[in-house]
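1. Have a look; sequence and predicted model below, questions after that.
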Amino acid sequence: MAEEIRTRIAPSPTGALHVGTAHTALFNWLFARAKSGKFILRVEDTDTERSSEEFVDDITDGLIWLGIDWDEGPERGDGYGPYYQSQRLEIYKKYADQLIEEKKAYHCYCTQEELTKEREEQTLAKKAPKYSGRCRNLSEAEITKFKEEGRAPALRFIVEPKQVKFKDLIKGSMEFDSSLFGDFVILKSNGMPTFMFAGAIDDFLMKISHVIRGEDHLSNTPRQILLADALNFNIPEYGHLPLILNPDRTKLSKRKNPTSITEDFIKKGYLPEAMINFLILMGWSPEKGGDFWALDDLINEFNFESVGKSPSIFDQQKLDFLNGYYIRKMSLGELAKAASDFLGKNDFVLDKQKFLIALSLVQERLKNLSEIPEQIEFFYKEPSNYKEIIVPKKSTNENTLKGLEESYKYLSEENDFGRDSLEQTLRAIAKKNDLSAGEVLWPIRVALTGKTASPGAFEILEALGKKE
RNA sequence: GGCCUUAUCGUCUAGUGGUUAGGACGCAGGAUUCUCAUUCCUGUAACACGGGUUCGACUCCCGUUAAGGCUACCA
């Protein structure tokens, strides 16, 4: 009957968790969860030069932060592991041998220089650059000679000319002419498999039913299908997601945009809820409309029919809006929890009661958690730099002084610092002295906060309370 | 260069032959107001271009243009 739905995310740990990877992971996870399937994390660390364990940690931490958990992968689940490709080398070797045995692959002794030269010549002659296949039929003598020269061979897959067809879940019917490909490398001369080869094998062995990935892999798909065919593998379903772009419409890159989940979003005080909501809205739109989506709701609502085909541009403003929205939506307790997690060991957090009150005043003004210290600072220490800004724009020194004196007179005698009674009285004082409300309230607020923009005077007065 | 993909407000998108082309972010204005923010209201702004098909195209077909991807012993 219907096979189990198994999706995967297969990042290569050559960098921190990237927005694009998180985006793809989200779609895979959602599909698996929606179908009661499994979501697998596979580490594609075959690029020994650039891969590092540090990045693996960054990637797993980032996914966990987002709320995307995996059923199988590093440190959890098993059955089809190991989930590091670097630990699966013997498997790839076995399949490589099989292909050699069946004369579907051959050793190529061409050097990097030779290949580059060949490509350049082809480009110059306005021909499609493609490996000539000259090592396909090497004589014994030639092989011996290359070996004596100390050349280590790569293994190339023989591409038979044919039309490769498949139906993409998102893009629809696809057809490629393999005669345009040229024999591609499946085992590098250092013995490591290429992404093309290892991916095809692992997707089969790990029983991946749906390969959902970025559109940048669309052109790789026919090659992997060719490989799978040669190996007698079942072909999984493929779905290629539209990419995320920089504002200049180039492929999203570190140079031009924030891309690291850890560095650019977690550390800057973004909420996972906002990030998820932001990511899902790029390339997907809910059938029944709605702008706000949480992971749990998405599981029921997500489907491939509503996935778009065109790429999205990363919009920082939209993310900021979403983050502010989720901050405002939190209960005070939730905000305090998120804030103290974010701030870590921080003086502000010490007095919990005080911290809560301070947060309640700035909650609706926050775009992200990192703005908290600056916004609640006045609550903990007296401002020193308010002299320049204490006189309201439309007022005078005299009026400001008068307002301050009159309200001080009242406040020093008053014990009820509830914001409502405060408001009543202070407004009355303004009126009695022929001052505008602003001429009384602005100076008080600025003297207390040292800021031109802050919570309101009554709220601050109430929160700070009367000095003993 | 070749192959592939894509094309609705600045951005994310709804739309599947007949709509005043809808929503959200942004921006502008307004209400509230001591500032900022919140909230509410109003406004702004789009079917890339050219041919068809059709009584009628944003919608279907073909081109063009533009953007992106692949064309690596990166993934």
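-> In hand now; what should we look at? Numbers count the residues shown, from 1 in each chain, chains lettered A, B, ... in the order given.
2. Give the other helices and strands that the helix or strand containing A:Met275 contacts.
-> A:Met275 is located in helix A:272-280, with elements delineated by DSSP states H and E. Here helix A:272-280 is seen to pack against helix A:19-34, helix A:53-66, helix A:295-301, helix A:316-329 when contacts are counted using 3 or more CB pairs under 8 Å, 6 or more residues apart in numbering; DSSP states H and E. Heads up, the C-betas are built off the backbone N, CA and C, glycines and all.
3. pLDDT averaged over the first one - what is it?
-> Confidence for helix A:19-34, expressed as mean pLDDT, is 97.
4. And it, what does it pack against?
-> Using 3+ CB pairs under 8 Å, 6+ apart as the contact criterion, the secondary-structure elements in contact with helix A:19-34 are strand A:6-9, strand A:38-41, helix A:53-66, strand A:210-214, strand A:237-241, strand A:244-245, helix A:272-280, helix A:295-301.
5. And the contacts of the fifth one?
-> Where contact means CB atoms under 8 Å, 6 or more residues apart in numbering, the residues beyond strand A:237-241 that reach it are A:23-24, A:27, A:166-171, A:209-215, A:217-218, A:221, A:283, A:304, A:307.
6. got the residues of the stretch 351-468 of chain A near RNA strand B?
-> A:364-365, A:392, A:427, A:436-438, A:441-442, A:445, A:451-459 (CB under 7 Å from any atom of the strand).
7. tell me which residues of the lowest-mean-pLDDT helix or strand in chain A are tucked away?
-> In chain A, the helix or strand scored least confidently by mean pLDDT, DSSP states H and E is helix A:347-350, which has a mean of 80. Taking 16 or more other CB atoms under 10 Å as the neighbour-count basis, helix A:347-350 is seen to contain the buried residues A:348-349.
8. again, but for stretch A:110-121
-> Within stretch A:110-121, the residues scored as buried using 16+ other CB under 10 Å are A:110, A:115, A:118.
9. any idea how far the second one is from A:Phe184?
-> For A:Leu115, the distance to A:Phe184 under the criterion CB to CB, to the nearest Å works out to 12 Å.
10. Repeat that for the first one.
-> Taking CB to CB as the measure, A:Cys110 and A:Phe184 are separated by 13 Å.
11. Would you tell me which of the helices and strands packed on helix A:272-280 gets closest to A:Leu252?
-> Closest approach to A:Leu252 among the helices and strands packed on helix A:272-280 is made by helix A:19-34 (5.8 Å; CB to CB).
12. Give me the phi and psi for A:Asp177.
-> Main-chain torsions, A:Asp177, degrees, to the nearest 10: phi -100, psi 110.
13. For it, grab the count of nearby residues.
-> 11 (other CB atoms under 10 Å).
14. how deep is the residue lying closest to it once chain neighbours are set aside tucked in, by neighbour count?
-> Distances taken as CB to CB, 6 or more residues apart in numbering place A:Gln163 nearest to A:Asp177, at 6.1 Å, with adjacent residues excluded. Under the neighbour criterion other CB under 10 Å, A:Gln163 is assigned a count of 10.
15. Wait, A:Gln163 touches A:Met174, no?
-> No: assessed by CB atoms under 8 Å, A:Gln163 is found out of contact with A:Met174, at 10.5 Å.
16. Looking at the residues of the stretch 351-468 of chain A next to RNA strand B, which are in strands?
-> Secondary structure of these is defined by DSSP state E; no position falls in strands.
17. Buried subset of the residues you listed, written for PyMOL?
-> For selection in PyMOL, the members of these meeting the burial criterion (16+ other CB under 10 Å) are listed in this command:
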select buried, chain A and resi 392+438+441+442+445+451+454+455+457+458+459
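18. A:Lys345 and RNA strand B, how far apart?
-> 28 Å (CB to the nearest atom of the strand, to the nearest Å).
19. Oh, that last question was meant for A:Ile327, not what I typed.
-> With the distance defined as CB to the nearest atom of the strand, A:Ile327 ends up 10 Å from RNA strand B.
20. Does that residue touch A:Ala336 like I think?
-> No: counting by CB under 8 Å, A:Ile327 does not reach A:Ala336; the two are 11.8 Å apart.
21. Can you report how many residues lie near A:Gly450?
-> By the other CB under 10 Å criterion, the neighbourhood of A:Gly450 contains 20 residues.
22. residues in contact with it?
-> By CB under 8 Å, 6+ apart, the neighbours of A:Gly450 are A:378, A:383-386.
23. what's the answer for A:Ile68, then?
-> If a contact means CB under 8 Å, 6+ apart, then A:Ile68 has A:22, A:25-26, A:29, A:39 as its contacts.
24. tell me what the helix or strand where A:Leu404 lies is packed against?
-> Assigned by DSSP H and E, A:Leu404 belongs to helix A:397-413. Contacting helix A:397-413 under the criterion 3+ CB pairs under 8 Å, 6+ apart are the following elements: helix A:419-432, helix A:437-449.
25. mind exporting it as CSV, just the C-alpha atoms?
-> Coordinates of each C-alpha in helix A:397-413 appear next as CSV, following Å, rounded to 0.1, in the frame of the first residue of the first chain:
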residue,chain,number,x,y,z
ASN,A,397,12.3,77.6,29.3
GLU,A,398,10.0,79.5,31.7
ASN,A,399,7.0,77.3,31.0
THR,A,400,9.0,74.1,31.3
LEU,A,401,10.4,75.2,34.6
LYS,A,402,7.0,76.2,35.9
GLY,A,403,5.5,72.9,34.9
LEU,A,404,8.2,71.0,36.5
GLU,A,405,8.0,73.0,39.8
GLU,A,406,4.2,72.8,40.0
SER,A,407,4.1,69.1,39.4
TYR,A,408,7.0,68.5,41.8
LYS,A,409,5.1,70.3,44.5
TYR,A,410,2.1,68.0,43.9
LEU,A,411,4.0,64.8,43.4
SER,A,412,6.1,65.3,46.6
GLU,A,413,3.0,65.4,48.6
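26. so it versus helix A:419-432, what angle?
-> Between the axis of helix A:397-413 and that of helix A:419-432 there is an angle of 140 degrees, by axes from the mean of the first three to the mean of the last three CA atoms, to 10 degrees.
27. Show me which residues of helix A:397-413 are buried.
-> The neighbour-count check on helix A:397-413 (16+ other CB under 10 Å) flags A:399-400, A:402-404, A:406-407, A:411 as buried.
28. ok, residues contacting it?
-> Taking CB under 8 Å, 6+ apart as the criterion, the residues outside helix A:397-413 that touch it are A:390-392, A:425-426, A:429-430, A:432-433, A:435, A:439-440, A:443-444, A:447, A:461, A:466.
29. Please read off the pLDDT at the closest residue to A:Asp420 other than its chain neighbours from the model.
-> Nearest non-adjacent residue to A:Asp420, counting by CB to CB, 6+ apart: A:Phe458, 7.9 Å away. Per-residue confidence (pLDDT) for A:Phe458: 89.
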